[in-house]
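Visitor: I would like the atomic coordinates for the input below:
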Amino acid sequence: MKQLQTIPEYICPPGEENFSIYTDTDSVYVKALPILRYLYPDFDQKIDDEKDDLLEKTAIKFQDVLNDHYQGIATDIFNCKDHRLEMKTECVIRSAYFRSVRRYAQWITREEHIKNEYLSFKGLEYMKTNFPKYFSEFFYGIMKQALKGTAKEEIDEKILEFKKKTLSIETDIVLLGNPTAVNTMDDYVERKPKPGELFTPTSKGALASVKAALRYNDLLRYWGLDKKHSFIAQGDKIKWIYLKDNPYKIDAIAFLDFDIPDKVRTFMNEYADREKIFESVLLKKLQGFYGDIGWVLNLNPHSSKFFTF
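Guide: Numbers count the residues shown, from 1 in each chain. Just a heads-up that it's a prediction; the model follows:
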């Protein structure tokens, strides 16, 4: 798990092991494995359900110790008869991944003392609306397998196979589009194209998605498709992709999910830069995840054979 912040000395003096992994508002996540191995020397030999039983049993014991301590603080320090603070064992987590504050994934096996196994995700990149569903579902599957202990080599192979699938012309290019909204498109239009000009001049600082939307409109007009198909307008929700070198020398093009002319689809299938899309949308995030858990992602598993001496 990733350590998110320096723990103050009043919680854990320097040199002592810190069992607190993550805190947020009124929640505390505690690393229980060292405690369980101390209390139960044969803990590692237990099956998973037995481990969960022992973990919950131990958590309840520490919960009671903490609540008794709160009572002592109330009476001895604040001269109060009762206190309103109470720690409660909320869930048992078999494994977890913490990216940063309020961005994490966890494999929960017990909740409120009831067996209830599921994966919980919060705030991670792949959950955002501007992340293509095609990549999001794959990223979810990879994290799920990692949390459940699948071997790195097996996960590497799945990523390699997914990359091959993504680069294949058999995969619909529409699935690879970056979803976004072009709320500021008109702000970057310098003027309408003059007679003989194909592309709308854009001002400096225009986002790639804005340029892609304007280029779609330009090609729609140039190809004479604007009578049957809709232009992209400011505020529209679109998808856009990177392009390889093409006859029009444009870097990206956008499209409307509900209205894609056949000529635009053919153009995208021929000139989509699938490698760049895979790297920019998914690969960097996978590398970040791998780095956080101490892995190295290698999508060329045979490369080491050529550099072994």
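Visitor: Going by C-alpha atoms from here, please, whenever you check contacts or count neighbours.
Guide: Will do.
Visitor: Flag the shaky bits of this structure, pLDDT-wise.
Guide: Residues of the chain that meet the criterion pLDDT under 70 lie in 1-16, 301-309.
Visitor: Can you show me the strands along it?
Guide: Ranges of strands in the chain, per DSSP state E, are 20-24, 27-30, 91-100, 103-111, 114-122, 178-181, 237-242, 252-255.
Visitor: Could you report the neighbour count for Gly149?
Guide: By other Cα atoms under 10 Å, 10 other residues sit near Gly149.
Visitor: ok, and the closest non-adjacent residue to Val189?
Guide: Nearest non-adjacent residue to Val189, counting by Cα to Cα, 6 or more residues apart in numbering: Thr202, 4.9 Å away.
Visitor: related to what we said a few turns ago, would you mind saying which of the strands of the chain lies nearest Asp273?
Guide: Evaluated with Cα to Cα, the strands of the chain place strand 237-242 nearest to Asp273, the distance being 5.5 Å.
Visitor: So which residues make contact with that closest one?
Guide: 176-182, 209, 212-213, 232, 251-257, 272-274, 276-277 (Cα atoms under 8 Å, 6 or more residues apart in numbering).
Visitor: again, but for stretch 71-85
Guide: Against stretch 71-85 from outside (Cα under 8 Å, 6+ apart): Asn67, Tyr70.
Visitor: Now do that stretch: distance to the chain's middle.
Guide: 43 Å (Cα atoms, centre = their mean, to the nearest Å).
Visitor: Can you show me the CA trace of that stretch as PDB?
Guide: Extracted in PDB, the C-alpha atoms of stretch 71-85 (Å, rounded to 0.1, in the frame of the first residue of the first chain):
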ATOM      1  CA  GLN A  71     -13.800   7.400  28.500                       C
ATOM      2  CA  GLY A  72     -10.600   8.000  30.400                       C
ATOM      3  CA  ILE A  73      -9.900  11.100  28.400                       C
ATOM      4  CA  ALA A  74     -13.400  12.400  29.000                       C
ATOM      5  CA  THR A  75     -13.200  12.000  32.800                       C
ATOM      6  CA  ASP A  76      -9.500  12.600  33.500                       C
ATOM      7  CA  ILE A  77      -8.800  15.500  31.100                       C
ATOM      8  CA  PHE A  78     -12.100  17.200  30.400                       C
ATOM      9  CA  ASN A  79     -13.900  16.300  33.600                       C
ATOM     10  CA  CYS A  80     -16.900  15.000  31.700                       C
ATOM     11  CA  LYS A  81     -19.000  12.100  32.900                       C
ATOM     12  CA  ASP A  82     -19.600  10.700  29.400                       C
ATOM     13  CA  HIS A  83     -18.100  11.100  26.000                       C
ATOM     14  CA  ARG A  84     -19.700  11.100  22.500                       C
ATOM     15  CA  LEU A  85     -16.800   9.600  20.600                       C
END
